[in-house]
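**Q** Kindly generate the corresponding structure for this input.
(chains A and B)
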Amino acid sequence: MSKFRNIASIIALLPMIIISLTVFIGCIIYSFIYSLTNSKLIPVTNFVGFDQYQRLFKQRKWDVAVENIFIYGFVFTIGCLIIGFLLAVLIDQKIRGESLFRTIFLYPYAMSFVVTGLVWKWVLNPTFGLENSMHMWGFGWFELDWLVNRDLAIYAVCIAAVWQGAGFVMVLMLAGLRGIDEDIWKSLSIEGVAKWKSYLFVILPMLRPMVVTAIVLIAAGVVKVYDLILALTSGGPGYATTTPAMYVMENFFQRANLGQAFAASIIMFISVVCILAPWAFYEFYLRNKNAAN
Amino acid sequence: MRSIPAGPRPKHLTIGRIGLYCFIFVCAIFFLMPLYVMIITSLKDMDEIRAANILNLPKELSFYSWPKAWSQACTGFVCEGLKPGFFNSVKITVPSVIVSVGLSALNGYALAFWRFKGAYLFFGLCLFGAFIPYQVMVYPLLKIEDALGIYSTLPGIILVHTIFGMPILTLIFRNFYASLPIDLFKAARIDGGNFVKIFIYVIIPMSTPITIVAVILQVTGIWNDFLLGLVFAGRDNQPMTVQLNNIVQVDYGVAEYNVDMSATILTSLVPLFVYFISGRWFVRGIAAGAIKG
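**A** Numbering: from 1, shown residues only, chains lettered A, B, ... in the order given. Alright, predicted model coming up:
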């Protein structure tokens, strides 16, 4: 009987087993193997060692892409966390119209990255956008030329991304705040601790698991950023806002430079593993161990 | 977990609370501004857009951009508007959601009740796969689909969405089923239920709430997808997001910002509709699907 039930469940899990082996493991091995070749238009098995990686690290464009992903990752993560936490705290202040405000802060999260990018492209349009509005209101000195400014374009991407993602952090944080025991609030108010101090020094440390989860999820998403930038700046001006994901896609589908694309994608993969591994270790190993003790 | 703030609503408006409301209104304006700009721009004609402030309400309503975005706007040489994209997205989303949710429910059930050795290893691999940037897997997966003869077809893109949707959905279903009382399952076993019968007669009827969450997550996720649609759907099945980007980013001709904005709104209508009618469920969905990054 136990044999039988195992067979039934294995059959049921077959799709998952096949996918995890062929797609997730198989594709990475395939990418790695071909990243060691000089494949151009089609994958060929002409091995050249780590040449593609060396070439990759010499590319000015790749440097820009990596720099951008760090700026974007830093600003976007910090921005989402601060604004998300602030919004959650505000919403938790027994305000009127709580659900209305929650709806307002979260709706951008339902929008796709393409839509987010296109909307902000229009709002930040250097000729007709907000800059023009400010000029019409008499603030002639106001400048908002981020989309055409090589140094600032990546921050325009950050603003659009924070606008889209902050509500999500708010939801995570709000769930955490609502889970805080009321007795803690009572004792804090008896002690006479100012409310902002309580939030910052008592409540926020208690939300650490939420914060860690939010950071890991945001960071893993950062590495993938592609459609948002494609819609907002198309990687420009020039290649000022290009990212590793764009570099990979370009080399796969426009430049027919497969070897480069595979090498770059393997670097992306390794960086995601570096973000995830410490967290997964903590979540699934240390926590279980602590629970067992 | 509390769903409302603790304690009574404060009776007096203090300076601090007025400041709080001011701040929350400023935040709300920031979050609503792009939506507002999107809607009013779509209702202006081009002369007014060129002449007036982007934030001003239209002097006279012009609805001409809406039908144009829907059925006449050009992507390259084809001028059919977003309509084909909309129906393609429907054709992609509906089967993808059904297949991925169905398979994941079965997987989750097998993982929760019919454990066998190694199941969790595959599950871990699969879940790990959910974090890997698509760029790493896109090309090898394309080769696999090509070998199977389904690259650039409707079944091809549906398969891809199913693969990438399964890890997180399986996790959601597994966690839900693991929270059901095991005695229920044991009783069904004693009554002679086998793997399939228990799933159909006991588990599925109890799965409504979690299925709603999973469907919301998948509908918004697949509708908003850009990258997979771009690579795997093929020219004839391009989803709405890809067509939207093509319409807005045309390099030649006069840019019609009102048509662009109408097209943008049209593309986000489905996820926004899901968001507004599902409310709490959506929040549960993103909290559960948080890991998707």
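**Q** What ranges does the stretch 1-150 of chain B have for its helices?
**A** In order along the chain, the stretch 1-150 of chain B carries the following helices (DSSP state H, counting those that start in this stretch): B:15-42, B:46-51, B:65-71, B:83-113, B:119-131, B:134-148.
**Q** Quick check: buried residues in the second one?
**A** By neighbour count on 16 or more other C-beta atoms under 10 Å in any protein chain shown, the buried set for helix B:46-51 is B:Met46, B:Glu48, B:Ile49. (Each C-beta comes from the backbone N, C-alpha and C, glycine too.)
**Q** and that helix, how far from the chain's centre?
**A** 34 Å (C-alpha atoms, centre = their mean, to the nearest Å).
**Q** average model confidence for it?
**A** Averaging pLDDT along helix B:46-51 gives 79.
**Q** and it, C-alpha only, in PDB?
**A** Only the C-alpha atoms of helix B:46-51 are listed here, as PDB (Å, rounded to 0.1, in the frame of the first residue of the first chain):
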ATOM      1  CA  MET B  46      -2.900  67.200 -29.300                       C
ATOM      2  CA  ASP B  47      -3.100  71.000 -29.600                       C
ATOM      3  CA  GLU B  48      -4.100  71.400 -26.000                       C
ATOM      4  CA  ILE B  49      -1.300  69.000 -24.900                       C
ATOM      5  CA  ARG B  50       1.300  71.000 -26.700                       C
ATOM      6  CA  ALA B  51       0.000  74.300 -25.400                       C
END
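**Q** That helix packs against which elements?
**A** helix B:257-278 (3 or more C-beta pairs under 8 Å, 6 or more residues apart in numbering or on different chains; DSSP states H and E).
**Q** Now do the helix it packs on: which elements does it pack against?
**A** Judged by 3+ C-beta pairs under 8 Å, 6+ apart, the packing partners of helix B:257-278 are helix A:113-123, helix B:15-42, helix B:46-51, helix B:65-71, helix B:83-113, helix B:208-224, helix B:240-248, helix B:280-288.
**Q** ok so, going back, just the helices of the stretch 1-150 of chain B: most buried one?
**A** helix B:83-113 (a mean of 21; mean count of other C-beta atoms under 10 Å in any protein chain shown).
**Q** Any chance of the backbone angles for the residue of the stretch 101-250 of chain A found nearest chain B?
**A** Nearest residue of the stretch 101-250 of chain A to chain B: A:Ser112, at 3.3 Å (C-beta to the nearest C-beta). The phi/psi pair for A:Ser112 (degrees, to the nearest 10) reads phi -80, psi 160.
**Q** how about it, what does it touch?
**A** A:Asp227, B:Trp223, B:Asn224, B:Asp225, B:Phe226, B:Thr241, B:Thr267, B:Ser268, B:Pro271 (C-beta atoms under 8 Å, 6 or more residues apart in numbering or on different chains).
**Q** Check the gap between the closest residue to the third one other than its chain neighbours and B:Ile222 for me.
**A** Using C-beta to C-beta, 6 or more residues apart in numbering or on different chains and skipping residues adjacent in sequence, the residue nearest B:Asn224 is A:Ser112, 3.3 Å away. Between A:Ser112 and B:Ile222 the computed distance is 10 Å (C-beta to C-beta, to the nearest Å).
**Q** contacting residues for residue 145?
**A** The chain I'm using is chain A. A:Asp145 touches A:Pro126, A:Glu131, A:Leu152, counting by C-beta under 8 Å, 6+ apart.
**Q** Not quite, go with chain B.
**A** Going by C-beta under 8 Å, 6+ apart, the list of residues near B:Glu145 reads B:Tyr151, B:Gly156, B:Leu159, B:Val160, B:Phe232.
**Q** What is the nearest of the residues you listed to A:Asp181?
**A** B:Val160 (45.0 Å; C-beta to C-beta).
**Q** and that closest one, that's in a strand?
**A** No. If the criterion is DSSP: H, G, I helix; E, B strand; the rest coil, then B:Val160 is helix and not within a strand.
**Q** about what we covered before: any idea which of the contacts of B:Glu145 is closest to B:Val101?
**A** Minimum distance to B:Val101 across the contacts of B:Glu145 is 14.8 Å, recorded for B:Leu159 (C-beta to C-beta).
**Q** helix or strand for residue 184, which one?
**A** Since you didn't name a chain, this refers to chain A. A:Ile184 belongs to helix A:182-191 when assigned by DSSP states H and E.
**Q** Correction: the question concerned chain B.
**A** helix B:182-190.
**Q** Would you mind giving the domain segments of chain B?
**A** B:15-62, B:83-292 (automatic domain parsing).
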